[in-house]
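>>> pasting the sequence and the predicted coordinates here, then a few questions.
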Amino acid sequence: MASSSDLLSKGIERLHSGQFQDAEQFFRQALKAEPDNLSAFKHLGQALAASGKFAEAVDILRKAHQRDPNDLPILVDLAAALRTQNLVDEAIAYYQKALQIQPEFAQLHLNLGALHRAKGNWNEALAVYQQALKTWPFLAWAHYEMAKVFEAQRKLNDTIACVCVLPSTFV
């Protein structure tokens with residue numbers, strides 16, 4: 001029988017080549033060989049999400065999170081999987097925790113802001129986008145998302161101000 005590290009390596013290879021079902025099987029075998037293998041849990045969750053099996057991905061990623069509550073990729077993957085299941089408040093909580101670990105991670109700000117915007121939490125969305133811009137002042141996507149928040153609030157001058165800083169290739 002192959003070792004869990006060999007199974008994990010094969011699974012990662014399949015995951016990266018887009019063979020998600022094969023990857024899933026290798027990760028499940030790795031977990032049978034080594035039931036507490038955090039990497040196997042993490043990658044199995046990724047393979048399940050990539051296959052569109054989001055509910056199962058959430059379950060697996062929760063188990064991974066229990067094993068390492070401060071693992072940034074697990075937090076991000078779990079938040080994304082929760083988002084697909086319309087568990088928005090829970091996804092927000094995981095993105096917030098991820099930002100505590102790595103506050104300069106711009107994509108996390110964008111993801112969190114999008115969730116707040118979708119819920120109509122305008123002030124929270126703006127605060128998150130503004131925080132992203134403190135780290136990355138020329139982050140065009142944050143300006144664009146802020147413009148969408150202002151547009152939803154019918155604040156035309158603020159919308160225009162955000163759009164005016166976008167590079168011409170963006171709009």
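Sure thing, it's come through.
>>> pretty sure Leu48 is touching Ile60, no?
Yes - using CB atoms under 8 Å, Leu48 makes contact with Ile60 at a distance of 6.1 Å. In short, each C-beta sits where N, CA and C put it, glycine included.
>>> okay, now the unreliable bits of the chain?
Scanning the chain for pLDDT under 70 picks out 1, 163, 165-171.
>>> show me where it has its helices.
All helices of the chain, identified by DSSP state H, fall at 4-16, 20-33, 38-50, 54-67, 72-84, 88-101, 106-119, 122-135, 140-152, 156-164.
>>> pull the residues that contact the shortest one.
For helix 156-164, the surrounding residues in contact (CB atoms under 8 Å, 6 or more residues apart in numbering) are 143-144, 146-147, 150-151, 171.
>>> next one: that helix to chain centre, how far?
Averaging C-alpha positions (CA atoms, centre = their mean, to the nearest Å) puts helix 156-164 28 Å from its chain's average.
>>> with the fourth one instead?
Average the C-alpha atoms of helix 54-67, do the same for its chain, and the two points are 14 Å apart (CA atoms, centre = their mean).
>>> the second one now?
Offset of helix 20-33 from its chain centre (CA atoms, centre = their mean): 22 Å.
>>> got the angle for that helix vs helix 38-50?
With axes from the mean of the first three to the mean of the last three CA atoms, to 10 degrees applied, the angle from helix 20-33 to helix 38-50 works out at 150 degrees.
>>> can you pull the contacts of the closest residue to Ala55 other than its chain neighbours?
Nearest residue to Ala55, sequence neighbours excluded (CB to CB, 6 or more residues apart in numbering): Gln85, at 6.2 Å. Applying CB under 8 Å, 6+ apart to Gln85 gives the contacts 54-55, 58.
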